[in-house]
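Colleague: below is the structure, and that's it, no one-letter string:
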């Protein structure tokens, strides 16, 4: 562990050496048999939990997040590593497909074809500010890349530099104790170092969690390289929630409690915070929310920069046409520039929201949310289409058994504009589990076909390759007939092509 009190930026002269070390580790880490790589991931999880008390204490000091929040996040990080370890052993992510040689193939002779996914090479992960564990040094992107067989270089976030160094020490030590080559996991510090590394020709992919502005800059750098590389960014989301009159009649109190908890949790600094709540006009939900918000204690924002950004965004929303403060909340800036906030909830009519889209639609990163009041005959899909781009989540609250063509149209719209559609509940609290999608259309992410949570996150850092007519002895283990890694193999037998299309007629 480290007791570093200041963390200097990485010397730009060292960038090439770090990239070379990652590249040198790539083949050996990728070739490690699945159980050994999985054991290394579990060792990282164990080491993080063993160092938890010290890591959480540093995180509390640097971010202002609570002990319970950080302890839970550290556990989530460890669980994710163990999930990925099991995924590596099972081998399904390799997507092995074997087409047997076929002299009677419908289009002529077919050679023996064997396809699977291989690691892309060194990955650069830009750590997030708002999840010091789960989306930072040892978080989802790093864990997914390591599971895929890729060395990782992490660019530390300036909001928790000492925690980044301490966490990286734990991770690299645990990996090397299990036989991972030197260079499998490295940390760099500083904005210039991050950009320099993203441009390095040995970096094969990038990942990022942060603002739309910075994410777009980095994505453009990755795309403009002489050899462009994939870049997976999670950038911004307002996660609209739609509540029907029937749902309010059944569960108004629970909806108010859940909404305020989701907005205020961790001072609203979560990518899945519900930024907009659509409710039918004429209900007393606003009064209920004002009463509940009044007793919420202030919470520190992550750093002075985020406090300044939140103050500007909050002022702009409060000043927007048609906006009324339901719970105005407070923002206190202390002598160190740190911000301390209580929840701000505002209301606006649906027509004013559409008309004031430019002022209201962008994310407010902090404990602020907009309650949108609509008439029963309002076209929610038309309004949503006019206001929102892509989002990580969309939520509907309906009464028990409620169904209608308009509701189904709204659900269809949500499926086309988000990565996760929730029924009841609230979007915060992303489950670390195989079926999770944590992604969505732009600007929620830079790649709407990927996820940064769940086992599918691993495939981002792999690419497909096919072996044609290769001798068994020269095939990679997952493609061999004796299948020494015991991974799933999807086979297309010889002779099958003559029956293609018959399934549609049955």
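Modeller: Sure thing, it's come through. It should be emphasised that the depicted structure is a prediction, and the values quoted were computed from it without experimental measurement.
Colleague: helices along the stretch 301-450 of the chain, start to end?
Modeller: Assigned by DSSP state H, counting those that start in this stretch, the stretch 301-450 of the chain shows helices spanning 304-318, 350-355, 357-360, 380-387, 405-417.
Colleague: looking at the ones you listed, which is closest to residue 117?
Modeller: With Cβ to Cβ, the closest approach to residue 117 among those belongs to helix 405-417: 26.8 Å. The way it works is simple: take the backbone N, C-alpha and C, and place the C-beta from them, glycine included.
Colleague: and after the one helix or strand residue 258 maps to, which helix or strand comes next?
Modeller: Counting by DSSP states H and E, the element that carries residue 258 is helix 245-264. Using DSSP H and E, the next helix or strand after helix 245-264 towards the C-terminus is strand 276-280.
Colleague: can you list the strands that that following strand pairs with?
Modeller: With DSSP bridges as the test, strand 276-280 is paired with strand 241-243 (parallel), strand 368-374 (parallel).
Colleague: would you mind giving the domain segments of this protein?
Modeller: 12-235+450-462, 241-423 (automatic domain parsing).
Colleague: three-state assignment of the closest residue to residue 462 other than its chain neighbours?
Modeller: With Cβ to Cβ, 6 or more residues apart in numbering as the criterion, residue 462 has its nearest non-adjacent residue at 3.8 Å, and that residue is residue 117. For residue 117, the secondary-structure state derived from DSSP: H, G, I helix; E, B strand; the rest coil is strand.
Colleague: residue 117: what's it in contact with?
Modeller: Residues in contact with residue 117, defined by Cβ atoms under 8 Å, 6 or more residues apart in numbering, are 93-95, 459, 462-465.
Colleague: cool, residue 376 as well?
Modeller: Counting by Cβ under 8 Å, 6+ apart, residue 376 touches 245, 280.
Colleague: 10 Å instead?
Modeller: Counting by Cβ atoms under 10 Å, 6 or more residues apart in numbering, residue 376 makes contact with 244-245, 280-282.
Colleague: tabulate the residues you listed in a markdown table, adding columns for neighbour count and pLDDT.
Modeller: Formatted as a markdown table, these follow (neighbours: other Cβ atoms under 10 Å; pLDDT from 0 to 100):
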| residue | neighbour count | pLDDT |
| --- | --- | --- |
| 244 | 22 | 97 |
| 245 | 16 | 95 |
| 280 | 18 | 96 |
| 281 | 14 | 94 |
| 282 | 11 | 86 |
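Colleague: so for the chain, the centremost residue is which one?
Modeller: The centroid of the chain falls nearest to residue 452 when counting by Cα atoms, centre = their mean (3.9 Å).
Colleague: that residue and residue 460 touch, don't they?
Modeller: Yes. Under the criterion of Cβ atoms under 10 Å, residue 452 makes contact with residue 460 at 8.1 Å.
Colleague: which residues do these two both contact?
Modeller: Counting by Cβ under 10 Å, 6+ apart, the common neighbours of residue 452 and residue 460 are 141, 144, 207, 232, 439.
Colleague: nearest to residue 286 among these?
Modeller: residue 439 (32.9 Å).
Colleague: what sits against that closest one?
Modeller: So residue 439 contacts 232, 234, 237, 390, 392, 418-420, 445-454, 456-457, 460 (Cβ under 10 Å, 6+ apart).
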